[in-house]
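Novice: Output the structure for:
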Amino acid sequence: MSDKSDKSDKSDKKGEAILLVGGRGTRLAPLTDAIAKPMLPVGGVPFIAHQVAQAQAAGINKIILATSYLAQTFTDYFGDGSDFGVELIYAVEESALGTGGAIRNAAEFLSGPPNSAVVIFNGDVLSGHDLPGQIKAHENSDADVTLYLTQVKDARAYGCVPCDQSGQVLDFLEKMENPVTDLINAGCYIFKRSIIDQIPANKVVSVERETFPQLLKSGANIRGFIDNSYWLDVGTPQALLTASRDLVLRKISSPAVVNQIKDCVISPTATIDATAKISGGTTIGDLVTVAAGVEIFGSIISSGSQIAANSQIKNSILGRLVKVGDSAQIFGSVLADGEKIAENTILRQEISLF
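Specialist: All right, here's what the predicted structure looks like:
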């Protein structure tokens, strides 16, 4: 309780945050058939726990989760947020409203004045960018919106955001074969509260395709904050596994990573035979059992799964309550919740990591 009060002034100054977590995560099916994408385990905890920790570390103590698909899964894990050092409020959409509509729907829970800063996180981006620096740049420039931008080697797969030398955003461009810049929207925005109120209520709105271009056309002060720290969109199984391994191997730091043993994260409720070999950034979830002679490398083993003797698992994602039989070999594969793999089975789907 004292920790919250110590940071209250800092939080008031830096504003509140909205975390966009309503997407279905179709590219991650079947993992997302029964669990919302932002709740999938990454680095041993639900993915958005890293964003909550990032916001809390920046002094933000009030976060609104804009939810839709499987909304109850967020409440069940995070509750009111007190265990995570923040106040959490849930803005549930009856039907998905898009990124802009979700922001507008969550606005009813904001309490800051019209000129206050509101941090917006896309719920599928892992980043090590300087959030306090972005907030400071937003405040110093009196911007209406400040976008976190990052440079990529090949911008053809992304919409581009050209800026002038002062950081003023010049345009929002769709994907193109010959991009005019390597700067892309990296999925963290800071809005002036009054700008959020301009988004139409109760309508499906894309903040990227509608709100930002319309604001720019109207003469709003939209600025870019360029940061080339670690950045990854975790919307595919390959990216999800890469993000998890990078967190465990400390290629990106997150205060949400706990229960680390050497180059792995292992739940204290898991049962691991002394002869099992677990390495390469693997995470082992709650109540997992790993039998004798098992080898697991660079994988995500979700809660309640059972790995029988002498099995080998490499570069794979196992959903909850998966059962792997004796001497099975699973390489580069994604297994849905509850799948059963017979003994001596060989699976080779070969997830290619970044």
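Novice: so where's the chain uncertain?
Specialist: Low-confidence segments of the chain, defined by pLDDT under 70, are located at 1-14, 350-354.
Novice: quick one, domains of this protein?
Specialist: For the chain, the domain assignment from automatic domain parsing gives the residue ranges 2-237, 259-348.
Novice: nearest to Leu247, of those domains?
Specialist: Checking the domains of the chain against Leu247 by CB to CB gives domain 2-237 as the closest, at 3.3 Å. C-beta: built from backbone N, CA, C; applies to glycine.
Novice: Just give me how far that closest one sits from the chain centre.
Specialist: The chain centroid and the centroid of domain 2-237 are separated by 10 Å, computed with CA atoms, centre = their mean, to the nearest Å.
Novice: coming back round to it: make CSV out of the domains of the chain and add mean neighbour count and distance to Arg250.
Specialist: Supplementary listing: the domains of the chain in CSV, determined by neighbours: other CB atoms under 10 Å; distance: least, CB to CB, whole Å:
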stretch, mean neighbour count, distance to Arg250
domain 2-237, 19, 10
domain 259-348, 19, 9
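Novice: between the ones you listed, which one is nearest to Arg245?
Specialist: Sorting those by CB to CB, the top spot, which is the nearest, belongs to domain 259-348 at 3.4 Å.
Novice: Now do the end-to-end distance for the closest one.
Specialist: Across its full length, domain 259-348 reaches 30 Å between end residues, using CA to CA, to the nearest Å.
Novice: which stretches of the stretch 151-300 of the chain form helices?
Specialist: Along the stretch 151-300 of the chain, counting by DSSP state H, counting those that start in this stretch, helices occupy 193-196, 212-217, 237-248.
Novice: Tell me which other helices or strands the first one touches.
Specialist: The helices and strands touching helix 193-196, judged by 3 or more CB pairs under 8 Å, 6 or more residues apart in numbering; DSSP states H and E, are strand 117-122.
Novice: thinking again about what came up before, kindly reformat the helices of the stretch 151-300 of the chain as a markdown table containing distance to Gly101.
Specialist: Compiled in a markdown table, the helices of the stretch 151-300 of the chain are given as follows (distance: least, CB to CB, whole Å):
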| stretch | distance to Gly101 |
| --- | --- |
| helix 193-196 | 11 |
| helix 212-217 | 14 |
| helix 237-248 | 25 |
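Novice: closest one to Asp182 among those helices?
Specialist: Among these, helix 212-217 comes nearest to Asp182, with 18.6 Å by CB to CB.
Novice: which other residues reach that closest one?
Specialist: Contacting residues not belonging to helix 212-217 are listed as 144-145, 147, 169, 171-172, 195, 198, 222 [CB atoms under 8 Å, 6 or more residues apart in numbering].
Novice: Quickly name whichever of those residues is closest to Glu208.
Specialist: The closest of the contacts of helix 212-217, once distances to Glu208 are taken by CB to CB, is Phe172, at 7.2 Å.
Novice: give the contact list for that closest one.
Specialist: Shown in contact with Phe172 (CB under 8 Å, 6+ apart): 159, 161, 185, 208-209, 212-213, 216.
Novice: for Val288, same thing?
Specialist: If you count contacts by CB under 8 Å, 6+ apart, Val288 has them with 267, 270-271, 301-307.
Novice: Select from those every entry located in strands.
Specialist: When DSSP state E is applied, the contacts of Val288 are split such that 271, 301, 306-307 fall in strands.
Novice: For Lys192, see how far away the nearest residue to Asp33 once chain neighbours are set aside is.
Specialist: Excluding the flanking residues, the one nearest Asp33 by CB to CB, 6 or more residues apart in numbering is Ala336, at 6.6 Å. Note on Ala336: its distance to Lys192, by CB to CB, to the nearest Å, is 43 Å.
Novice: so the residue nearest to Asp33 makes contact with Gly319?
Specialist: Yes: with contact taken as CB atoms under 8 Å, Ala336 and Gly319 are classed as touching, separated by 5.0 Å.
Novice: does Asn185 have beta-bridge partners, and which?
Specialist: The partner list for Asn185 in beta bridges (DSSP bridges) reads Leu149.
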